[in-house]
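Asks: here is a sequence together with a model predicted from it:
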Amino acid sequence: MFNLRAGGQGLSRMAPVLLLWLAVSLSGTLAVDRGNFKTCDQSAFCKRQRALKPGESPYRALLETMELTNTRLTLQLINDNNKVHLLLELYRLQGNITRVKINELKPLKPRYEVPDVLIREPPTEPLSLLSQDENGVVLSLGAESQRVIVSARPFRLDIMEGRDVLMSLNSRGLLAFEHLRMRKDTFSYKVTSTVASVWDNIKRVFSSQADPEAEKKEDTDPANQAETAKEEEEKVEDGMWEETFKSHSDGKPNGPSAISLDFSLPGVEHVYGIPEHADTLRLKTTDSGDPYRLYNLDVFQYELYNPMALYGAVPVMLAHNAHRTTGIFWLNAAETWVDISSNTAGKTVFGKMLDYVQGSSETPQTDVRWISESGIIDVFIMLGPTPKDIFSQYASLTGTQSFPPLSALAYHQCRWNYNDQEDVQTVDAGFDEHDIPYDFIWLDIEHTDGKRYFTWDPHKFATPKEMLQGLVDKKRKMVAIVDPHIKVDSNYKIHNEIRSRGYYIKNKDGGDYEGWCWPGSAGYPDFTRADMRAWWASMFAYDQYEGSMENLYTWNDMNEPSVFNGPEVTMHKDAMHGAWEHRDVHNLYGFYVQMATAEGLIQRSGGVERPFVLTRAFFAGSQRYGAVWTGDNAAEWDHLKISIPMCLSLGLVGISFCGADVGGFFKSPSTELLVRWYQTGAYQPFFRAHAHLDTPRREPWLFGPENTALIREVVRQRYTLLPYWYQQFYHAHQTGQPVMRPLWVEYPQDPATFALDDEFLIGRDLLVHPVTEEGARGVTAYLPGKDEVWFDVHTFQKHNGAQNLYIPVTMSSIPVFQRGGSIIPRKLRVRRSSTCMEHDPYTLYVALNPQRTAEGELYIDDGHTFNYEKKEFIHRSLSFAKNILSSANLAPEAQFSTRSWIERIVILGASKPSKVTLKTAGGQESQLEFEFDASMSVLTLRKPGMNAGVDWTVTLQ
């Protein structure tokens, strides 16, 4: 939600200054005002760093300072231009990861190192020295002849496997580390430097008489670092000590502090990740424009297909070719820009063929350069070699996707805003009247008492518990918004508590930082403080959050943080979080807000219930706390299309629980676009319709009976597939594998999949190609796997893999295919909410591969508590081979019972049997009724009736 939100009921409550500001902001067109957001040229450190061109690095490694213990190598680097010493630390981590840290050896004051994102201090493995001479050292990384070569002059790092270079650091000489320094035009600097230079001269006279070698030693003696740096007259550029953007000035008491490092990836043409950007899945080269920017911002009506920053930032990039996948995790929470260049970019297919014919031997290579405003270089190089290895490597560092309650995977109905309790009740009844299931109804900012979060409007939502109880009675739930900007109002308990405890972020002068947001003047709690987060969590207790009940969950919006009158609609960088400037921690703010909120929902139930929290801003590790969505999109076809690569990119960096506002937040969709968006959203992980205050109402039954039927059908498809979605999230939680994934993840050697982003897989076994073109009569889907088959889930038609398949479509079509060789459980008895379906029976869809085998799983638990951690679940392996379908226990140590049974088995690609026998755990045998459709080779076994949690076999004879 952005500034347009000031429409409607909220206006009367807003201060005149804010109204004036909004009027200015909102006049004109409904599209992003690029002038509100910086380009690299307008961001002083980015401009400075980007001005450095590839070449000879001024840094060299001082090999005589090297220390090697069992777990790490340290050595000093020196910048020959300014004699500043850096400390390099190199670690070999468990699971084929190398960590490289670079900091100042003796910084003027500590530099920020990101806490709380890593789930633990990563465990190390032994590093051993293979060889050393005056040019460098070679270290073994243990696995498969992997080694690190540290070259001394100039400094560079190469990671090799056999004869192949997997990745090089500083090979283009773009390592830069702006050391902290005193400002030269201050009085204290002049006094200090005068005294120091006199003392230097005295020392120099005496020491050189006593020891002619002393001058050589000085070069490597860190004690001389500060003095020699002072001698070197560095030119002061604009923006080093302060910079302005529009009317905002940013005083920089620490001066320039940017860092940069380049990475070269030989053999790589495809890189992915670094969300959030409204761009293609495969990242583009940035030579001819701005770098990709990572800086959490509230971007109103964002533009598509460009590298502008959006609401979240995950500084993780994946590189892939047919032989290997690698990853780079740049652990830094300051504003960051990422430049990508490639030696094959811009070459046409003809140009590449010409190279081939002429025997041109240029290996494709992608070069990536990371630039951050402050902090240190702390980078994790994940060496794969497979996509799945990368996912588990990254999960070992930052954790896996939280396991959501099953109901959170169902359908969510939202708008800004449902007007009052009666409106909520009417919408709820409308779903029942039109036989459309839903699980959650949402309330936006207007439900509060004057934008005071944790409260309810006393007139419109006078009896919230009554409203929530009405939903409980139908086994449904609610989400209410709780934003992190707090109305400055001495009659508001939350504000008074935060102020009296000193928990607000401070401005540079030490007072509480205030900015404008929905309530008018607002304070911003300092969520980087553990005590503040603990207090915030305690506010979700049922006796603190009046009117809340166990079926009320939470939505954190505006947590970039959004500050309407701040630079780039966010917080001033020189605001203070204790000892640290906001510039150091900016991209962590939303991560911490969601962390504290999720903790609050867990604590209120005594640690029993799983939380559900949606966040707009995020960082690496946010996957541990809930879901994200792609923010304030628009009701346009291109926004529907972009939701696919946006969520795919998030899945690649650990955040599986992603969705986009169905129908588009801004503007009004045509009925065709709305239906197509429901069809797409029903096959994305987070499935929520949402709309802006000023748009006409768009509950699913408001577009005529035909469209209501189309939407009903696809929402019901989502509900039938909930068992499969749920077990995909269980796997994501256990392993870090994405739920919604690009095809190349499962077909890493098939170049035809590398840039596809208009179709995707859910788990391994479902391929979805949504219809995202207006007026489409057909789509062409690529079905991967040269020895595989795919079955249309609606018609059971079989298609061969490794082909582009043209599919004619009508308004009811959503092309979905099940992989031959898989078994997918569904629940076909759709009820008004997922909780109502808990004990319903399963239908198993067994899709045979050309070898006539198939395998799958069934995972069942209570759907909402943490009891699965105490081994209270059912996890079964389903397999079909040699005409026998069997269910076996994958978790013999687990204990759980279910009332659900197997009511139907559908085998695709089957032959007609003469008889079908069921054998259950007790040894009883019975014959099953079956039907065989010879035209489609589909065998349906009716009412086998066994409990879903026990051993059984079905034999076809």
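Replies: Perfect, I can see it now. Residues are numbered from 1 along each chain as shown.

Asks: now for His572: which residues touch it?
Replies: Taking CB atoms under 8 Å, 6 or more residues apart in numbering, we find His572 in contact with His248, Asp250, Asn507, Lys508, Tyr513, Val563, Gly566, His582. C-beta here means a position set from N, CA and C on the backbone, and glycine is covered the same way.

Asks: I'd like the next helix or strand past the lowest-mean-pLDDT helix or strand in the chain.
Replies: Lowest on mean pLDDT, DSSP states H and E among the helices and strands of the chain sits helix 16-26, with a mean of 42. Moving toward the C-terminus from helix 16-26, the first helix or strand encountered (DSSP states H and E) is helix 44-50.

Asks: run the chain-centre distance for that next one.
Replies: Using CA atoms, centre = their mean, to the nearest Å, the mean C-alpha position of helix 44-50 is found 26 Å from that of the whole chain.

Asks: show me what it is packed up against.
Replies: Secondary-structure packing of helix 44-50 (3 or more CB pairs under 8 Å, 6 or more residues apart in numbering; DSSP states H and E): strand 336-342, strand 365-372.

Asks: export these as TSV, with columns for distance to Pro748.
Replies: Shown next, in TSV, are the helices and strands packed on helix 44-50 (distance: least, CB to CB, whole Å):
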stretch	distance to Pro748
strand 336-342	20
strand 365-372	17
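
Asks: okay, the ones you listed, which one's buried deepest?
Replies: Of all these, strand 365-372 carries the top mean neighbour count, a mean of 24, counting by mean count of other CB atoms under 10 Å.

Asks: can you list the buried residues in the helix or strand that that one is followed by?
Replies: Counting by DSSP H and E, the next helix or strand C-terminal to strand 365-372 is strand 377-382. Across strand 377-382, burial judged by 16 or more other CB atoms under 10 Å covers Ile377, Asp378, Val379, Phe380, Ile381, Met382.

Asks: likewise stretch 825-838?
Replies: Residues of stretch 825-838 classed as buried: Pro825, Arg826, Lys827, Val830, Arg832, Ser833, Ser834, Thr835, Cys836, Met837, Glu838 (neighbour count, 16+ other CB under 10 Å).

Asks: identify the farthest-apart pair in those.
Replies: Pro825 and Arg832 (21.0 Å; CB to CB).

Asks: out of the helices and strands packed on helix 44-50, flag the one nearest Pro126.
Replies: Judged by CB to CB, the one of the helices and strands packed on helix 44-50 that comes nearest to Pro126 is strand 365-372, at 28.4 Å.

Asks: what pairs with the closest one, parallel or antiparallel?
Replies: Strand 365-372 pairs in its sheet with strand 259-266 (antiparallel), strand 336-342 (antiparallel), by DSSP bridges.

Asks: switch those strands over to TSV; also include distance to Thr953 and mean pLDDT.
Replies: Shown next, in TSV, are the strands paired with strand 365-372 (distance: least, CB to CB, whole Å; pLDDT from 0 to 100):
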stretch	distance to Thr953	mean pLDDT
strand 259-266	49	98
strand 336-342	53	98
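
Asks: can I get these in TSV including distance to Glu121?
Replies: Shown next, in TSV, are those (distance: least, CB to CB, whole Å):
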stretch	distance to Glu121
strand 259-266	22
strand 336-342	23
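
Asks: quick check, Gln42 in contact with Thr244.
Replies: No. Using CB atoms under 8 Å, Gln42 is not in contact with Thr244, being 9.8 Å away.

Asks: export only the CA atoms of stretch 486-499, formatted as CSV.
Replies: Once non-C-alpha atoms are left out, stretch 486-499 reads as follows in CSV (Å, rounded to 0.1, in the frame of the first residue of the first chain):
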residue,chain,number,x,y,z
ILE,A,486,3.4,4.2,15.6
LYS,A,487,1.1,7.2,15.9
VAL,A,488,2.7,9.9,18.1
ASP,A,489,-0.2,10.4,20.5
SER,A,490,0.1,10.6,24.3
ASN,A,491,-3.3,8.9,24.7
TYR,A,492,-2.1,5.8,22.8
LYS,A,493,-0.7,3.0,25.1
ILE,A,494,1.7,1.5,22.5
HIS,A,495,3.3,4.9,21.8
ASN,A,496,3.7,5.8,25.5
GLU,A,497,5.3,2.4,26.3
ILE,A,498,7.8,2.6,23.4
ARG,A,499,8.7,6.2,24.2
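
Asks: need the residues that contact that stretch.
Replies: Residues outside stretch 486-499 that contact it (CB under 8 Å, 6+ apart) are 450-454, 503-504, 512, 514, 519-525, 532, 535, 539.

Asks: now list the buried members of those.
Replies: For the contacts of stretch 486-499, buried by 16+ other CB under 10 Å: 450-454, 503-504, 514, 519-525, 532, 535, 539.

Asks: show me these that map onto strands.
Replies: Applying DSSP state E to the buried ones among the contacts of stretch 486-499, the entries found in strands are Glu514, Gly520, Ser521, Ala522, Gly523.

Asks: tell me which two of these sit farthest apart.
Replies: The span of those, defined through CB to CB, is set by Gly520 and Gly523 at 11.5 Å.

Asks: what does the residue lying closest to Asn707 once chain neighbours are set aside show for phi and psi?
Replies: Nearest in space to Asn707, with sequence neighbours left out and distances taken as CB to CB, 6 or more residues apart in numbering, is Thr671 at 5.1 Å. Per-residue torsions, Thr671: phi -60, psi -40 (degrees, to the nearest 10).

Asks: and Thr671, what's its pLDDT?
Replies: Looking at Thr671, its pLDDT stands at 98.

Asks: now do the contacts for it.
Replies: Counting by CB under 8 Å, 6+ apart, Thr671 touches Phe703, Gly704, Asn707.
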